[in-house]
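build me a structure from this.
(2 chains)
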There are 2 protein chains.
Amino acid sequence: MKATVKITLKHGVLDPQGKAIEKSLGQLGFTGVNDVRQGKLIELDIDADTPEEAEKQITEMCEKLLANTVIENYDIQLNPAD
Amino acid sequence: MKATVKITLKHGVLDPQGKAIEKSLGQLGFTGVNDVRQGKLIELDIDADTPEEAEKQITEMCEKLLANTVIENYDIQLNPAD
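Now for the predicted structure:
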């Protein structure tokens, strides 16, 4: 089963990468850029008999490795059809 | 206007970060992980009068800075309501 995990910084957490991108966009002449936040996108292909089992496994993966839950949120989207 | 840009490696491009995550998941005892691909998620808040104008600007941002179009694909999702 395939799934996509979106990992983003929690609201209020400083995002130096986002700030660097914002600055570079300004230097390239893009005006009107109010905010830029960078996160991670992890695409997984795992063995799971049911979506519930996949969700459980991936949640555990996020908690243990993929996300730093102190400063990051994660959002799991299953693609059972794939 | 808010938008989310998903930047992922093109099919066939080696993903060392994905492989490292895959290996770590195995070491943590997660079996049945067939593939892991890591990409970037960029959330933008820009000034634009219309969705078309926002799409045009962000496409240009992707082409010039956000994505390495030789090895990466980008997908723009506008969130006009936000």
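
going forward, measure contacts and count neighbours with C-alpha atoms only.
Will do.

now residue A:52: how far from residue A:78?
10 Å (C-alpha to C-alpha, to the nearest Å).

any residues of chain A in contact with chain B? List them.
With C-alpha under 8 Å from any C-alpha of the partner chain as the criterion, chain A meets chain B at residues A:6, A:21, A:25, A:30, A:32-48, A:61, A:65-66.

in strands only, show me these.
Within these, residues falling in strands by DSSP state E are A:6, A:33-46.

which of these count as buried?
Neighbour counting by 16 or more other C-alpha atoms under 10 Å in any protein chain shown classes A:6, A:33, A:36-46 among those as buried.

could you dump the residues you listed into a markdown table and include pLDDT?
What follows is those, written out as a markdown table (pLDDT from 0 to 100):
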| residue | pLDDT |
| --- | --- |
| A:6 | 97 |
| A:33 | 97 |
| A:36 | 97 |
| A:37 | 97 |
| A:38 | 97 |
| A:39 | 97 |
| A:40 | 97 |
| A:41 | 97 |
| A:42 | 98 |
| A:43 | 96 |
| A:44 | 97 |
| A:45 | 96 |
| A:46 | 96 |
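
state the pair within the residues you listed that is farthest apart.
Greatest spatial distance among these (C-alpha to C-alpha): A:33 and A:46, at 37.9 Å.

could you dump the buried ones among the ones in strands among the residues of chain A next to chain B into a markdown table with distance to residue A:72 added?
Formatted as a markdown table, these follow (distance: C-alpha to C-alpha, whole Å):
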| residue | distance to residue A:72 |
| --- | --- |
| A:6 | 10 |
| A:33 | 23 |
| A:36 | 16 |
| A:37 | 12 |
| A:38 | 11 |
| A:39 | 9 |
| A:40 | 10 |
| A:41 | 13 |
| A:42 | 14 |
| A:43 | 17 |
| A:44 | 19 |
| A:45 | 22 |
| A:46 | 23 |
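
mind checking pLDDT for the residue positioned nearest the centre of chain A?
In chain A, the centroid-proximal residue (C-alpha atoms, centre = their mean) is residue A:7; its distance is 2.1 Å. Note on residue A:7: pLDDT of 98.
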